[in-house]
Structure formats: structure tokens, C-alpha cells
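Chemist: got a sequence here, can you build the structure:
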Amino acid sequence: MALRRLAEAERRFGLYVYRKADLSAVLGEGGNPLTRTLTSLCAAGIMERAVRGVYVFSYARSIGDGTLDAIVQCLRPTSISWESLESVLSKWGVISQIPIGRVTYMTTGREGEFDTRFGVIDLTHSSLPASRIVPNLVMRGDGRLPMASKMFAYENLKATGRNLHLVDMEELEWDYDED
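Modeler: This is a model prediction of the structure:
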């Protein structure tokens, strides 16, 4: 029954990463019964604990590039979070090194580092107001978290005091010279 409900939630709504409270709604249980069911589902390999309080449906077809984003959304559900820093600067071609097995995010929530089997999540806190963040984000049409624009990712990198020596300044400013 639980397997069928989890598969249906993914098929209909794209849900495959959950907080425990979210699973209560999907499985129709709460409290100790939910805890027992979740323990059984994890033991059977149907659910996997990604990080404390966040679970992934092991048979989900959606597992892939967006899984870390979905975990971040569960970790910081009331915060603004976006992919930025080295991960995004690499995508924009501003730094030549490609982070492997790690994605860097900015968040208005607590910072932290979370090691999952899907990769490492590196959350760095930002105290910027939403009015400064949102206009500088690039939305992705696939339901993933937004990513920082090229210059915003660089500004995030500078503001956090991270290493700037890998930044190719010519590549960073290239688009802006064309105007």
C-alpha cells in the first residue's frame, strides 16, 4: 500500500523527496505509526534517509540532477535557496574547475554541509533581502531551484569571503562588454 502511494505521488505530483511531516500526508499516518512505517520502508529499501528528517523514495524515476535541489527544499522549506558560488560559476564558464559530487547553494536559512549519497550539499547563509535576491536569479523550467546569474554568483562568492583566485575575470565580464 505504501509503495503504491509513493509511486502515485511521484507520478501525479513529482514528489519523491520528503520531510517526515510530508510523508504523513502521503501515507495517511502520523505519530508512532508513521515512525514504524518509515522504519520498515527504510529497512526494505523503499525509502532512504538522505539526511536527518529528509527521505527519498528509492524507486523514484525522478532521481537525478535535481535530487539535491529537492533535498535543499526540504531542509530549508521557509527560506529562499538558490544554486550559486562555485557550482554556478563553473556552469557559467567563469571558473575552469567543475565541482564533482558537491553543489554549492546560498540560502536565507541556516548554513550547513550535508553529505548524502547523491552528493554533498554546501549551504551558505545570505542575509540579503528577497528584493535583492529574486531579480538576480535565473529560473529553471524543470522545477529545480533557481541559480544565480553570473554576476550575482560572483557577488555571492565575494560576499562570503571564498577564494576568488579561480575566477576568470575576462570571462566574468565578457557578456557585459557586448552591450
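Chemist: only C-alpha atoms from now on, for both contacts and neighbour counts.
Modeler: Will do.
Chemist: a helix runs through E173, doesn't it?
Modeler: Yes - assessed by DSSP: H, G, I helix; E, B strand; the rest coil, E173 belongs to a helix.
Chemist: what's the local residue count around it?
Modeler: 13 (other CA atoms under 10 Å).
Chemist: contact partners for it?
Modeler: Counting by CA atoms under 8 Å, 6 or more residues apart in numbering, E173 touches no other residue.
Chemist: change the start of the numbering to 56 and stick with it
Modeler: Taking 56 as the first residue, the last one we looked at is E228.
Chemist: and it, how far from Y209?
Modeler: 11 Å (CA to CA, to the nearest Å).
Chemist: and for Y114?
Modeler: Taking CA to CA, one finds Y114 at 37 Å from Y209.
Chemist: the more surrounded of those two?
Modeler: Comparing Y114 with Y209 by other CA under 10 Å, the one with more neighbours is Y209, at 22 against 16.
Chemist: now the helices for this protein?
Modeler: Here the chain has its helices, by DSSP state H, at 57-68, 75-82, 86-98, 122-130, 140-146, 185-188, 205-214, 224-232.
Chemist: counting by contacts, list what the second one packs against.
Modeler: So that's helix 75-82. helix 57-68 (3 or more CA pairs under 8 Å, 6 or more residues apart in numbering; DSSP states H and E).
Chemist: what's in contact with the helix it packs on?
Modeler: Helix 57-68 has contacts (CA under 8 Å, 6+ apart) with 70-71, 81-82, 101, 112, 114-115, 117.
Chemist: which of these sit farthest apart?
Modeler: L82 and S117 (19.4 Å; CA to CA).
Chemist: show me the contacts for G148.
Modeler: Residues in contact with G148, defined by CA under 8 Å, 6+ apart, are E226.
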